[in-house]
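>>> need a 3D model of the sequence below.
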Amino acid sequence: MCYQKSVQLLENLLEAVPHEPNERGHTAMDDFEHFCANTGCTEELIGRQAFAWVKLGFIDAKTTASC
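Have a look, this model is predicted:
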């Protein structure tokens, strides 16, 4: 496993998770891009590693069932 490698974890998640639209017609990636547009969260601003962790957490939360 690659727990300390956010970029690799994100790539693995994106490969494993279906990119199906939700009830509003948006995928988790669409929602993440909207989140970034509204918050100003960019890879250039926070860095590649931090951006990958934010994206990983967001996509994971949007695509997995709540406990």
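
>>> check residue 1 and give its pLDDT.
Looking at residue 1, its pLDDT is 60.

>>> can you pull the buried residues of the lowest-mean-pLDDT helix or strand in the chain?
One helix or strand of the chain scores below all others by mean pLDDT, DSSP states H and E: helix 6-16, with a mean of 82. Buried residues in helix 6-16, counting neighbours by 16 or more other CB atoms under 10 Å, are found at 6, 9-10, 13. Using the backbone N, CA and C atoms, a C-beta is placed for each residue, glycine as well.

>>> what's the burial count for residue 35?
Neighbourhood size, residue 35 [other CB atoms under 10 Å]: 14.

>>> next secondary structure element downstream of the helix or strand in which it is found?
Using DSSP states H and E, residue 35 sits within helix 28-39. Next helix or strand after helix 28-39 toward the C-terminus (DSSP H and E): helix 43-46.

>>> contacts for that following helix next, please.
51, 54 (CB atoms under 8 Å, 6 or more residues apart in numbering).

>>> try it again at 6 Å.
Helix 43-46 is contacted from outside by residue 51, using CB atoms under 6 Å, 6 or more residues apart in numbering.

>>> could you do stretch 48-57 as well?
Contacts for stretch 48-57 (CB under 6 Å, 6+ apart): 6-7, 9-10, 43.
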